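*Asks:* Okay, predicted coordinates and the sequence, questions at the end:
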Amino acid sequence: MFHTQSDVVFIKGLKVEAVIGVFDWERAITQPLLIDIALETDISRAAVSDDVSDA
């Protein structure tokens with residue numbers, strides 16, 4: 001079984017205004033979205049090289 005090292009990047013409480021919805025009145029206004037997300041990836045190469053192309 002192959003295992004890679006992984007890191008987790010957390011984004012918590014990101015608030016954005018977005019146009020979302022189905023109805024015309026929803027599409028005419030912006031509504032706040034509150035986003036929490038965890039991104040799991042291997043960022044070891046970028047950590048070693050400090051090169052944005054490795055990120």
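*Replies:* Perfect, thanks for sending it. Numbers count the residues shown, from 1 in each chain.
*Asks:* Show me how far the helix or strand of the chain with the lowest mean pLDDT is from its chain's centre.
*Replies:* Lowest mean confidence among the helices and strands of the chain (mean pLDDT, DSSP states H and E): helix 44-49, at a mean of 88. Centroid displacement of helix 44-49 relative to its chain, using C-alpha atoms, centre = their mean, to the nearest Å, is 20 Å.
*Asks:* Can you tell me which helices and strands it packs against?
*Replies:* Of the remaining helices and strands, none touches helix 44-49 by 3 or more C-beta pairs under 8 Å, 6 or more residues apart in numbering; DSSP states H and E. The C-beta positions use only the backbone N, C-alpha and C, and glycine is treated the same way.
*Asks:* Would you mind putting the CA coordinates of it into CSV?
*Replies:* Listed in CSV are the C-alpha atoms of helix 44-49, where the atom choice follows Å, rounded to 0.1, in the frame of the first residue of the first chain:
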residue,chain,number,x,y,z
SER,A,44,6.3,18.8,1.3
ARG,A,45,8.0,19.7,-2.0
ALA,A,46,7.0,23.3,-1.7
ALA,A,47,8.1,23.5,1.9
VAL,A,48,11.6,22.3,0.9
SER,A,49,12.1,24.3,-2.3
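*Asks:* Just give me the residue closest to the centre of the chain.
*Replies:* Ile37 (5.9 Å; C-alpha atoms, centre = their mean).
*Asks:* ok but that residue is inside a strand, no?
*Replies:* Yes: counting by DSSP: H, G, I helix; E, B strand; the rest coil, Ile37 falls inside a strand.
*Asks:* Pull the contacting residues for Asp7.
*Replies:* Glu40, Thr41, Asp42, Ile43, Ser44 (C-beta atoms under 8 Å, 6 or more residues apart in numbering).
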